[in-house]
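Undergrad: From the sequence below, what's the structure:
(chains A and B)
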Protein chains: 2
Amino acid sequence: MEFSSKLLEKAVNEMSQLPGIGKRTALRLVLHLLRQPNDQTMQLASALQNMRNEIKFCKSCHNISDTQLCEICANPHRTSDIICVVEDVRDVMAIENTSSFRGLYHVLGGKISPMDGVGPNDLNITSLVDKVKQGEIKELIFALSSTMEGDTTNFYIFKQIQDCDIVTSTIARGISVGNELEYTDEVTLGRSIMNRIPFESSLKS
Amino acid sequence: MEFSSKLLEKAVNEMSQLPGIGKRTALRLVLHLLRQPNDQTMQLASALQNMRNEIKFCKSCHNISDTQLCEICANPHRTSDIICVVEDVRDVMAIENTSSFRGLYHVLGGKISPMDGVGPNDLNITSLVDKVKQGEIKELIFALSSTMEGDTTNFYIFKQIQDCDIVTSTIARGISVGNELEYTDEVTLGRSIMNRIPFESSLKS
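TA: A predicted model of the protein is given here:
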């Protein structure tokens, strides 16, 4: 792609570093900014700079936060002895949106994946194990992706805290609400039969 | 969507102002930037700021440029009496990539579209008509989209310069190279038969 301006080229190149944004999309976005008032570009640029420079990670759960301790960890109305282990900040937001969990979170920052060069030491596992070993946690809920990497990470953490007096659970895997049985994959369907629940308890939710 | 950080929320909101980027995609992009070194965000932000503040539009053809006169207009090896009229900067890049045109361009900055509130006065039409009336242009090639708005714009400009001693042409419309006849839409196929060309001249390209 030949650009008539070095400034344009630089902006497009930087924009196309973002995941899922190719050169053509980057050009479309940048030309859109050029057509908009000057302010919009300046606000976007400063929002990104401020975020990158000033954002903090909660020292307890590693969630993104503006303060040392995030709003969830600092909330006295939440049950502090149940911890939900998630991969990513987005998972915290997704679970929070369901309003079904009132405990605290622990954000690992990824999952163990040797193929991508991510080992246990690249994740926030030590701080979780320390938290559990202090003995104030009653239950640990594993809410990681239902993939091989997710299962590996679950198992790795489980091994570390096996000897502690703590209940561990994992979120239910089964067919999605609203899904037809016919189109559900075999593994999910098989697991959903093995892990069936009493009919009475399904009436509650 | 509930955010755990105001800084994150601001960045996501600004990012999602871009066309085709929703809140979820914006969050993915912003979290990606957070995982990358600080530098990448700073370079993206400053590239956008520099571009918006310093970019110029060529005073002759209105193409994006770093200088008063763009590289194409300033190039003495280009035929300056043939002008290709295009909507957008991207069209200049697309035609330049084909290496089939050695004249100059004129970027209108859009097309007449009453539905979107774009009238002739919002486009760079006056400067084009002035250029033609100075009498130094031999041919005007209309290379606008083959849509109703494109055709309207072509016709509007044509009406303004009708009395000038100038050749006007429009780029050929027909079936795309490599396309099967069977899947070509009726209008295109009909036009391609009406505007058929001598077989000998098709051998040249």
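Undergrad: Give me the pLDDT for the residue nearest in space to the middle of chain A.
TA: Among the residues of chain A, the one closest to the centroid is residue A:88, at 1.9 Å (CA atoms, centre = their mean). pLDDT, residue A:88: 89.
Undergrad: if I pick the closest residue in space to it that isn't next to it in sequence, what's in contact with it?
TA: Counting by CB to CB, 6 or more residues apart in numbering or on different chains, residue A:107 is the residue found nearest to residue A:88 once chain neighbours are left out, at 6.7 Å. (Glycine included, C-beta is placed from N, CA and C.) The contact partners of residue A:107, by CB atoms under 8 Å, 6 or more residues apart in numbering or on different chains, come to A:61-63, A:86-89, A:91-92, A:124.
Undergrad: rerun that using 7 Å as the cut-off
TA: A:61-63, A:86, A:88-89, A:92, A:124 (CB atoms under 7 Å, 6 or more residues apart in numbering or on different chains).
Undergrad: Which members of those are positioned in helices?
TA: A:89, A:92 (DSSP state H).
Undergrad: Now do stretch A:179-194: distance to the chain's middle.
TA: A distance of 25 Å separates the centroid of the chain from that of stretch A:179-194, by CA atoms, centre = their mean, to the nearest Å.
Undergrad: again, but for stretch A:63-81
TA: That offset, for stretch A:63-81, works out to 16 Å (CA atoms, centre = their mean).
Undergrad: which sections of chain A are below the confidence cut-off?
TA: A:205 (pLDDT under 70).
Undergrad: So in terms of bridging, what pairs with residue A:104?
TA: With DSSP bridges as the criterion, residue A:104 is bridged to residue A:83.
Undergrad: what sits against it?
TA: A:61, A:72-73, A:78, A:80, A:83.
Undergrad: Can you show me the strands along chain A?
TA: A:56-57, A:64-65, A:82-86, A:104-107, A:139-142, A:167-170 (DSSP state E).
Undergrad: Pull out the buried residues from the lengthiest helix in chain A.
TA: Taking DSSP H as the criterion, chain A has its longest helix at helix A:38-54. By neighbour count with 16 or more other CB atoms under 10 Å in any protein chain shown, helix A:38-54 contains the buried residues A:40-42, A:44-45, A:47-49, A:51-52.
Undergrad: and chain B, which of those residues reach it?
TA: A:40-42, A:44-45, A:47-49, A:51-52 (CB under 7 Å from any CB of the partner chain).
Undergrad: Give me the distance between residue A:134 and residue A:142.
TA: In this structure, residue A:134 and residue A:142 are 19 Å apart, going by CB to CB, to the nearest Å.
Undergrad: er, residue A:34 I mean
TA: For residue A:34, the distance to residue A:142 - CB to CB - is 47 Å.
Undergrad: any idea how chain A splits into domains?
TA: A:6-54, A:81-171 (automatic domain parsing).
Undergrad: and these, which is most packed in?
TA: domain A:6-54 (a mean of 18; mean count of other CB atoms under 10 Å in any protein chain shown).
Undergrad: Quick one: distance of that one to the chain centre.
TA: The answer for domain A:6-54 is 25 Å, by CA atoms, centre = their mean.
Undergrad: Stretch A:166-177 too?
TA: For stretch A:166-177 - counting by CA atoms, centre = their mean - the centre lies 17 Å from the chain centre.
Undergrad: Just the CA atoms of that stretch, as PDB, please.
TA: C-alpha atoms of stretch A:166-177 as PDB (Å, rounded to 0.1, in the frame of the first residue of the first chain):
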ATOM      1  CA  ILE A 166     -10.900 -25.700  51.500                       C
ATOM      2  CA  VAL A 167     -13.800 -26.600  49.200                       C
ATOM      3  CA  THR A 168     -12.900 -26.400  45.500                       C
ATOM      4  CA  SER A 169     -15.600 -26.300  42.800                       C
ATOM      5  CA  THR A 170     -15.800 -25.700  39.100                       C
ATOM      6  CA  ILE A 171     -18.500 -23.900  37.200                       C
ATOM      7  CA  ALA A 172     -21.100 -26.300  35.600                       C
ATOM      8  CA  ARG A 173     -20.500 -27.500  32.100                       C
ATOM      9  CA  GLY A 174     -23.600 -28.600  30.200                       C
ATOM     10  CA  ILE A 175     -25.800 -27.500  27.300                       C
ATOM     11  CA  SER A 176     -26.400 -23.800  27.000                       C
ATOM     12  CA  VAL A 177     -29.800 -22.500  28.100                       C
END
